[in-house]
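Visitor: Predicted model follows, preceded by the sequence.
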Amino acid sequence: MTAAQAVHAAEDCGSFTIAEMNWASAGLAAWVDKIILEEGYGCDVGLVTGDTVPTFTSMNEKAEPDIAPELWVNAVKVPLEAATKEGRIIVASEILSDGGVEGFWVPTWLSEKNNIKTIEDALSHPELFPGAEDESKGAFFNCPSGWACQTITANQFEALGAEEKGFELVDSGSAAGLDGSIARAFNRDEGWLGYYWAPTAILGKYEMTKLDLGVEHDAEHWHNCTVSNTCANPHLNEWPRSDVFTAVTKEFAEANPVTMEYLGKRAWSNTTVNELLAWMGDNQATNEDGAWYFLENYPQVWTAWLPEDVAEKVKGAL
């Protein structure tokens, strides 16, 4: 893009809205987009509070907000397929290049010291995982209460026969409680086993290893049993890779081809996001703080998304 084209694109950019979702990685992404689009392209960007289902529903039915930077597809898979097929919503890119990751994890130092690579390796050593109410058992930490993964983890625990192997399923209570159990284990140099996901601040701060379940993902069993709290005979089942997309409305895509070109290239790895979220947590930083920190410290990532002259404008704003 030439300088003249960039000026023309800025003039045409106009005003639009981005959903600032209510979890850390998505809020960070919204601010990165806002700063780049305003400083690099001259757009006028407003942020609106969002969450996966209500944001998607509003985009699908009212064509607002214009952009959802981090939409976890598994939560709205069927209606999103219908909306894209009918042309109301456009998938601009896959913002998390690794996809969202879920599973059972242990501290990497423990994995390496005890050669624990699979879930069965871990279940062979309940003595390495303190934290259960019954001190004779190992602790297996569940997903936060009320989340879908709480039911999934309980079914996986049953399928593994983990209770018979000397483990107790520990209710973490909340996301903060689950994070606290990991931090406490690392501070005490103790083992920890349980459900977690990426990208997150915890995995940026503490080095964890995701265990191999030794099975493939069975989609039919997953939908009919693994995710159900009435599943009578759960089988061990690998989590599906979570597609995490940037979605925009049809109206926005048609009116903003230059901005769509940026969104189409804009993607980052879980490692990068984990590091940023860890920095934000350590520094009690806002989403805006995190976005500026990213732009200042990771130019090798974001300059690849932009034409050189646009990148220079963003650098000038730092």
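Guide: Yes, it's here. Numbers count the residues shown, from 1 in each chain.

Visitor: isn't Leu276 right up against Ala29?
Guide: No - counting by CB atoms under 8 Å, Leu276 stays clear of Ala29, with 10.0 Å between them. For every residue, glycine as well, the C-beta is placed using N, CA and C.

Visitor: Mind checking which of those two has more residues around it?
Guide: Remark: of Leu276 and Ala29, Ala29 carries more neighbours, 30 against 26, as counted by other CB atoms under 10 Å.

Visitor: ok, and the closest non-adjacent residue to Ala291?
Guide: Trp31 (3.6 Å; CB to CB, 6 or more residues apart in numbering).

Visitor: tell me the pLDDT at Ala162?
Guide: In the predicted model, Ala162 carries a pLDDT score of 98.

Visitor: and if you look at the one 3 residues further on?
Guide: Taken from the predicted model, the pLDDT recorded for Lys165 is 98.

Visitor: Could you do Cys13 as well?
Guide: 83.

Visitor: repeat for the one 3 residues further on
Guide: Phe16 is assigned 96 on the pLDDT scale.

Visitor: got it, and Ala3?
Guide: 42.

Visitor: returning to that earlier point: tell me the secondary structure at the residue nearest to Ala291.
Guide: Three-state assignment for Trp31 (DSSP: H, G, I helix; E, B strand; the rest coil): helix.

Visitor: dump the residue contacts of it.
Guide: By CB atoms under 8 Å, 6 or more residues apart in numbering, the residues touching Trp31 are 20, 47, 287-288, 290-291.

Visitor: And the strands in the chain?
Guide: 15-21, 44-50, 67-72, 89-94, 101-107, 138-141, 167-170, 194-198, 208-210, 244-249 (DSSP state E).

Visitor: I'd like these laid out as a markdown table, including distance to Thr226.
Guide: Shown next, in a markdown table, are these (distance: least, CB to CB, whole Å):
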| stretch | distance to Thr226 |
| --- | --- |
| strand 15-21 | 26 |
| strand 44-50 | 28 |
| strand 67-72 | 17 |
| strand 89-94 | 24 |
| strand 101-107 | 12 |
| strand 138-141 | 17 |
| strand 167-170 | 16 |
| strand 194-198 | 13 |
| strand 208-210 | 18 |
| strand 244-249 | 20 |
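
Visitor: right, and those - which one's nearest Leu263?
Guide: strand 89-94 (4.0 Å; CB to CB).

Visitor: Sheet-wise, list the partners of that closest one with their directions.
Guide: Here strand 89-94 has these sheet partners by DSSP bridges: strand 244-249 (antiparallel).

Visitor: quick check: mean pLDDT across the partner strand?
Guide: So the average pLDDT for strand 244-249 ends up being 96.

Visitor: Any idea how many residues pack against Gly103?
Guide: So Gly103, with other CB under 10 Å, has 16 neighbours.

Visitor: so it sits right up against Leu193, yeah?
Guide: No - assessed by CB under 8 Å, Gly103 is found out of contact with Leu193, at 11.4 Å.

Visitor: Now for the two: what residues contact both?
Guide: Joint contacts of Gly103 and Leu193 (CB under 8 Å, 6+ apart) do not exist.

Visitor: any low-confidence regions in the chain?
Guide: 1-12 (pLDDT under 70).

Visitor: about what we covered before: for the strands of the chain, which one sits closest to Met280?
Guide: strand 15-21 (14.3 Å).

Visitor: Pull the most distant pair out of the contacts of Trp31.
Guide: Once CB to CB is applied, these give Leu47 and Gly290 as the farthest pair, at 13.9 Å.

Visitor: Settle it for me: which of the two has more neighbours?
Guide: Set side by side, Leu47 and Gly290 show unequal neighbour counts under other CB under 10 Å, the larger going to Gly290 at 24 against 17.
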